[in-house]
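[1] sequence first, then the predicted structure:
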Amino acid sequence: MRIKELICNLTNLVVPGVGTILAGGLISGFVQFVLFIVCLVLVVMSFGWLLVIAVPLYVIDVIWCVVSVYRLTRSNQRRRAMR
């Protein structure tokens, strides 16, 4: 795993979406960040049934972030190898 990929994934674990933006995926990173904010709002409101929605949504968001960083860094490596 390269250093940039590691940094982006660690950033995504703290604030999902920011690491994806750093890796080069602006639109998907923005959507992931907005989804993270929605999860935070649901947790802060802390109604019981909202937590049932917020926690799985957060887990899905983090998995999506890690996978998108992996795909972005791998596609960039392939492009460089073709040159």
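    Great, that's in hand.

[2] and V55, what does it touch?
    Going by C-beta atoms under 8 Å, 6 or more residues apart in numbering, V55 touches V43. (Glycine included, C-beta is placed from N, CA and C.)

[3] quickly note the distance from it to V67.
    Noted for V55: a distance of 19 Å to V67, by C-beta to C-beta, to the nearest Å.

[4] pull out the buried positions in the longest helix along the chain.
    Scanning the chain for the helix with the most residues, using DSSP state H, yields helix 48-82. Buried residues in helix 48-82, counting neighbours by 16 or more other C-beta atoms under 10 Å, are found at 54, 57-58, 61-62, 64-66, 68-69, 72-73.

[5] please identify which of the residues you listed is nearest to L42.
    A54 (3.6 Å; C-beta to C-beta).

[6] would you confirm that the closest one contacts L42?
    Yes: A54 lies in contact with L42 (C-beta atoms under 8 Å); the separation is 3.6 Å.

[7] any low-confidence regions in this protein?
    Applying pLDDT under 70 to the chain picks out residues 1.

[8] report how many residues lie close to Q32.
    Residues lying near Q32 (other C-beta atoms under 10 Å) number 24.

[9] contacting residues around it?
    Q32 makes contacts with 12, 16-17, 20, 61, 64-65, 68, as judged by C-beta under 8 Å, 6+ apart.

[10] ok, of those, which one's closest to V31?
    G17 (7.4 Å).

[11] tell me, how many residues neighbour P16?
    P16 - counted by other C-beta under 10 Å - has 25 other residues nearby.

[12] ok, I37 next?
    Neighbours around I37, by other C-beta under 10 Å: 13.
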